[in-house]
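[1] Sharing a sequence plus its predicted fold:
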Amino acid sequence: MTQQAYAYGPPPGWYAPPPPSQEWYPVPPPSKPWWKRRWIWVTSISAALVVAGGVWGCIAYNTHQQELRVAHQQQVAAQQAEQQRQAAERAAEQQRQAEEAAAAQQRADADAVKVDMQRTLDSDPDMAPYHFVFTEVHLVRAGDNHYDGIATVHDFRGIDHSVIVHVTRDNTGIMWHTDQGAFAWAMYE
């Protein structure tokens with residue numbers, strides 16, 4: 001085939017390479033408005049913010065609920081401790097009052113025993129000549145209505161003697177007795 005020369009330019013379908021100072025790039029499409037180009041980014045960021053806000057809200061709510069639960073448990077524990085303390089105080093006060101009542105009853109019983117022992121010795125013809133004086137009686141609870149104690153007896157020479165006394169208290173009154181031979185020392189004076 002022979003080459004033909006074209007008088008008016010290259011043959012159809014033939015394109016010359018670009019000149020060396022330019023590079024060949026395809027022609028960019030016309031630019032779109034920003035709302036059409038960025039809608040994916042705006043939607044993604046908005047969705048991410050909504051999800052992050054929801055997660056943060058859930059975490060904050062759960063943390064707040066946990067704090068409320070802990071505060072409630074602490075409040076309940078403090079109330080229970082206060083109730084226990086008050087119950088212990090009431091029990092201690094009742095115990096103190098019962099002990100004071102028992103001690104007062106014990107002192108009254110000791111005084112009654114002292115008076116009765118003095119009256120008995122003063123009226124006994126064998127003991128009256130010695131002029132014994134009961135100065136004090138100390139009782140110790142040995143049971144619900146039993147006492148054991150020591151009575152201090154002052155004789156006519158000014159010497160104190162201790163006598164063991166056993167006391168029983170019932171609804172009718174107070175009964176006392178000493179051990180056999182408790183006043184044997186009086187025979188030797």
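    Happy to help now that I have it.
[2] can we go C-alpha only for contacts and neighbour counts from here?
    Will do.
[3] Let's see the pLDDT reported for His166.
    pLDDT, His166: 91.
[4] how about the helix or strand hosting it: buried residues?
    Element membership for His166, per DSSP states H and E: strand 160-169. If you call a residue buried by 16 or more other Cα atoms under 10 Å, then strand 160-169 has these buried ones: Asp160, His161, Ser162, Val163, Ile164, Val165, His166, Val167, Thr168.
[5] Please look at the second one and Ile150 and confirm they touch.
    Translated: His161. No - under the criterion of Cα atoms under 8 Å, His161 is not in contact with Ile150, lying 9.8 Å apart.
[6] Just want the angle from the longest helix seen in the chain to strand 160-169.
    In the chain, taking DSSP state H as the definition, the longest helix is helix 39-123. Put simply, helix 39-123 runs at 110 degrees to strand 160-169, going by axes from the mean of the first three to the mean of the last three Cα atoms, to 10 degrees.
[7] Starting from helix 39-123, tell me the next helix or strand along the chain.
    Helix 39-123 is succeeded, C-terminally, by strand 133-141 (DSSP H and E).
[8] So which elements touch that following strand?
    helix 39-123, strand 146-154 (3 or more Cα pairs under 8 Å, 6 or more residues apart in numbering; DSSP states H and E).
[9] The longest one: how far from the chain's middle?
    Relative to the centre of its chain, helix 39-123 is centred 5 Å away, using Cα atoms, centre = their mean, to the nearest Å.
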